[in-house]
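Engineer: model this:
(chains A and B)
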Amino acid sequence: MTATQHKPSELPRTAEGGPLVVVENLTRHFRLGHRASARIVHAVDDVSLTLPRGETLGLVGESGSGKSTLARLLLRLDQPTSGRVHFNAQDVFASSARELRRLRREMQIVFQDPYASLNKRKTVEQIVSFPLVVHERGLTRKQRAARVAELLELVGLRPEHAAAYPRQLSGGQCQRVSIARALALNPSLVVLDEAVSAVDVSIQAQILNLLRDLQERLSLTYLFVTHDLAVVRYMANTIAVMYLGRIVELAPREALFARPRHPYTHALLSSIPPAPGVEQTTEVVLREALASDTLPSGCRFHPRCPLGHREICRISDPPLHAVGAGHTVACHFPQSAESLVAEAARETT
Amino acid sequence: MTNLTATRTGVVLTVSDLVVEIAVPRRPPIRPVRGVSFEVSQGQRLGIVGESGSGKSLTALSLMRLLPPRARIAGGEVLLRGSDLARLSERRMARVRGGRLSMIYQDPMSSLNPLQPIGRQVGEAIVAHESVGRREARDRTVEVLRDVGLPQPERRFDDYPHQFSGGMRQRVMIAMAICTNPDVLIADEPTTALDVTTQARIMELLGRIVEERRMGVILITHDLGLASSFCEDIHVMYGGRIVESGPAPAVLNTPVHPYSEALLESICRLDRDVHRPIAAISGQPPLPHQLPSGCPFHPRCAYAQDVCVEVPPPPIPVDGRVTECHFPLEEARP
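Structural biologist: Residues are numbered from 1 along each chain as shown, chains lettered A, B, ... in the order given. Predicted coordinates:
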């Protein structure tokens, strides 16, 4: 097991004041294939995190990094291989069916595809009121309609949208409906899984502004899952970078963008096309991943790392260790982009 | 044959006043592309930037004559080295498509045949367009696969698409599109389905290939950042028209159309102050069957006047560009 700088077990677990979510050594392995030929996919591997109340934790990584699996585990949409998640000091995976029902009200999710995540045979009103039908059985039909109207207004839709079907709405409007549905039960945690990745460029800003505004008004806690670094910078207080099931760098927003230390974070940052009119400064180029079924030995990033030729990287798996206030990195040679580029050049010559 | 210097700088593709219509039962047809004109020269990199519903993808598909069943080219010309593709018979078009004009699609998984080894799929393009033997087709395929950066192409020739990563599949798609040395290559959101680190590598590869082979490229994208880092010229589409076109640096640094300006402002950028809200464009992009009167952007435009509601703005030259706006932003800027 990796010793992490971040020791969630020592944090206060009182319901009030403490973090809303504490993730401890969470692991999810998938077994692919049959018996002898089975291989294990380490989707999430020994991840520990905390989500402070009213803040946003950004989870970035490429496809296959395990960020969506981690998000699903937090909501108990999936069972972990090992590890724990505490929500409001309550063990999510040890909860009884009844406790879980209560927990579910508190945690909601918005998915990527605005059309696929809404039932196309239901009206907006039916979609948004469904959580109320399930969890607030005492409400009359009239009360539910009033609550739906309130929610639609909250997310910037007009009352007449209540009678519309998803196909009559644009992608951005559908995403607003998903957000309204997620907020119907006054949750404290909302997981946003690539929630703006499929909407149009001009709409993306509207939705991001809306989410920030809602967070402030309703003191929501967000887990913001995305592959887009510019978006996560705008949304998150703290950012965790994932690679092949591990958190490789975790830092407050300012530190991550001003002083990234993991070569993978450098590569992600330098692969964004620069803002129109801005020159690309340093470029960190990853080696191309060879399609491989097995987890690399040592540091799992070493086959793609510009510095991965070193002995220790192939042998030993680097633990997360502190490099600054609240800033941890899992790398044997954490450094700035400039020195990384210089060193990589030196090694290849 | 014209002389070499003329063809080097020469225009290879001229699209003029292209109109695409979609038939709707018992109603007038919808016009998602309403008079689009542009040129592509040899070796030129052109970006067509727009949101969903802007008509950018239908423009690309109509050049390839691959429009969906109810859609058709209802007007205009598509001249590829002098022959009008809009009026070519299907049989002759089949020879052009994938030959002198080819396209890379968004999703490399669904554009490759999962049941056929990749080498055969690439080789098929060569065999279909040139009279070459099996042996030569194979050699050429291996060579082009190597050129797109596929490691060990001889060994991987007989592998199936699922045995490759997303980035490698997109390399195979690129190989297929360039193996006949087309005059113009259309790349429709070629990296949208890929991870960011892979995206950068694929764009690099595309840049090198078109430079070496001196192909014209039309990059269709919603991503202004991507377009600005790859293209020399940019056309911004909105509501089925090109609303601003010009050299990439000019369009991106000092846009003259309010839509280009608003779009640039609304992008989440790494150099933006995170404590201030992003200047979002209000409203939704227009749907082709509910196009506003006058200027299609007027309901969302901060500078709209009465005339914008009534009169569609004609294309006018402004500051080295062409824009369709009654009040281009040139004077307003300090």
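
Engineer: what residue in the stretch 1-150 of chain A comes nearest to chain B?
Structural biologist: Among the residues of the stretch 1-150 of chain A, residue A:62 lies nearest to chain B; the distance is 3.9 Å by CB to the nearest CB. C-beta coordinates here come from the backbone N, C-alpha and C atoms, glycine included.

Engineer: what separation do you get for that residue and residue B:204?
Structural biologist: For residue A:62, the distance to residue B:204 under the criterion CB to CB, to the nearest Å works out to 17 Å.

Engineer: count of residues packed around residue 296?
Structural biologist: Unless you meant another one, I'm taking chain A. Around residue A:296 there are 19 other residues, counting by other CB atoms under 10 Å in any protein chain shown.

Engineer: the chain in question should be chain B.
Structural biologist: Taking other CB under 10 Å as the criterion, the count of residues near residue B:296 is 25.

Engineer: do the same with residue A:86
Structural biologist: Around residue A:86 sit 22 other residues, with neighbours defined as other CB under 10 Å.

Engineer: so it sits against residue A:20, correct?
Structural biologist: No - judged on CB atoms under 8 Å, residue A:86 makes no contact with residue A:20 at a distance of 9.3 Å.

Engineer: center of the chain - which residue?
Structural biologist: Picking chain A for this. Taking CA atoms, centre = their mean, the centroid of chain A lies closest to residue A:225, which sits 2.8 Å from it.

Engineer: sorry, should have said chain B
Structural biologist: Most central in chain B (CA atoms, centre = their mean) works out to residue B:220, at 2.8 Å.

Engineer: and that residue, what helix or strand is that in?
Structural biologist: Element membership for residue B:220, per DSSP states H and E: strand B:216-221.

Engineer: re the thing from before, more neighbours, residue A:62 and residue B:204?
Structural biologist: residue A:62 (20 against 13).

Engineer: ok, back up a step: tell me the secondary structure at the residue of the stretch 1-150 of chain A closest to chain B.
Structural biologist: coil (DSSP: H, G, I helix; E, B strand; the rest coil).

Engineer: burial count for the closest residue to it other than its chain neighbours?
Structural biologist: Of all residues beyond its chain neighbours, the one nearest residue A:62 is residue B:195 (3.9 Å), with distances taken as CB to CB, 6 or more residues apart in numbering or on different chains. The criterion is other CB under 10 Å. On that basis, residue B:195 has 21 neighbouring residues.

Engineer: where does the residue of the stretch 101-250 of chain A found nearest chain B land in three-state SS?
Structural biologist: Using CB to the nearest CB, residue A:205 is the residue of the stretch 101-250 of chain A that sits closest to chain B, at 3.6 Å. Under the three-state scheme (three-state DSSP), residue A:205 adopts helix.

Engineer: doesn't residue B:282 make contact with it?
Structural biologist: No - under the criterion of CB under 8 Å, residue A:205 lies out of contact with residue B:282, with a separation of 10.2 Å.

Engineer: more neighbours, the two?
Structural biologist: Using other CB under 10 Å as the criterion, residue A:205 and residue B:282 rank with residue A:205 on top: 25 against 12.

Engineer: report the spatially nearest residue to that one, omitting neighbours in sequence.
Structural biologist: Across the structure, with CB to CB, 6+ apart as the measure, the residue nearest residue A:205 apart from its sequence neighbours is residue B:280 (3.6 Å).

Engineer: three-state assignment of the one you found?
Structural biologist: Following three-state DSSP, residue B:280 is assigned to coil.

Engineer: by mean pLDDT, point me to the weakest helix or strand of chain B.
Structural biologist: Evaluated with mean pLDDT, DSSP states H and E, the helix-and-strand set of chain B has its lowest mean pLDDT in helix B:4-9, which scores a mean of 42.

Engineer: tell me which strands and helices the strand holding residue B:220 is in contact with?
Structural biologist: strand B:27-41, strand B:45-49, helix B:56-63, strand B:184-188, helix B:196-213, helix B:224-230 (3 or more CB pairs under 8 Å, 6 or more residues apart in numbering or on different chains; DSSP states H and E).

Engineer: could I get the ones you listed as CSV with distance to chain A and mean pLDDT?
Structural biologist: As requested, the helices and strands packed on strand B:216-221 are exported to CSV (distance: least, CB to the nearest CB, whole Å; pLDDT from 0 to 100):
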stretch, distance to chain A, mean pLDDT
strand B:27-41, 15, 95
strand B:45-49, 9, 96
helix B:56-63, 12, 94
strand B:184-188, 15, 96
helix B:196-213, 4, 89
helix B:224-230, 4, 88
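
Engineer: return the most buried member of those.
Structural biologist: Each of the helices and strands packed on strand B:216-221 was assessed for mean neighbour count using mean count of other CB atoms under 10 Å in any protein chain shown. The highest is strand B:45-49, with a mean of 26.

Engineer: tell me the angle it makes with strand B:216-221.
Structural biologist: Following axes from the mean of the first three to the mean of the last three CA atoms, to 10 degrees, one obtains 20 degrees for the angle between strand B:45-49 and strand B:216-221.

Engineer: any residues touching strand B:45-49, and which ones?
Structural biologist: Counting by CB atoms under 8 Å, 6 or more residues apart in numbering or on different chains, the neighbours of strand B:45-49 from elsewhere in the structure are B:38, B:40, B:56, B:59-60, B:207, B:210, B:216-224, B:227-228, B:230-237, B:242, B:248.

Engineer: now swap in stretch B:270-280 and tell me
Structural biologist: If you take CB under 8 Å, 6+ apart as the criterion, stretch B:270-280 is touched by A:202-203, A:205-206, A:208-209, A:212, A:229-230, A:233-234, A:253, A:257, A:269, A:272, A:275, A:278, B:262, B:265-266, B:268.

Engineer: same thing with stretch B:128-142?
Structural biologist: With contact meaning CB under 8 Å, 6+ apart, stretch B:128-142 is reached by B:95, B:98-99, B:119, B:122-123, B:126-127, B:153-154, B:157, B:175, B:179-180.

Engineer: put the alpha carbons of it into PDB.
Structural biologist: Taking C-alpha atoms only, stretch B:128-142 is exported to PDB below (Å, rounded to 0.1, in the frame of the first residue of the first chain):
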ATOM      1  CA  ALA B 128      -9.900   1.300 -56.500                       C
ATOM      2  CA  HIS B 129      -8.300   4.400 -57.900                       C
ATOM      3  CA  GLU B 130      -5.200   3.200 -59.600                       C
ATOM      4  CA  SER B 131      -4.400   0.300 -61.900                       C
ATOM      5  CA  VAL B 132      -1.800  -1.500 -59.700                       C
ATOM      6  CA  GLY B 133      -1.300  -5.100 -58.900                       C
ATOM      7  CA  ARG B 134      -1.800  -6.800 -55.600                       C
ATOM      8  CA  ARG B 135       1.900  -6.900 -54.800                       C
ATOM      9  CA  GLU B 136       2.400  -3.200 -55.600                       C
ATOM     10  CA  ALA B 137      -0.700  -2.200 -53.600                       C
ATOM     11  CA  ARG B 138       0.700  -4.000 -50.600                       C
ATOM     12  CA  ASP B 139       4.000  -2.300 -50.800                       C
ATOM     13  CA  ARG B 140       2.400   1.100 -51.200                       C
ATOM     14  CA  THR B 141       0.100   0.400 -48.200                       C
ATOM     15  CA  VAL B 142       3.000  -0.600 -46.000                       C
END
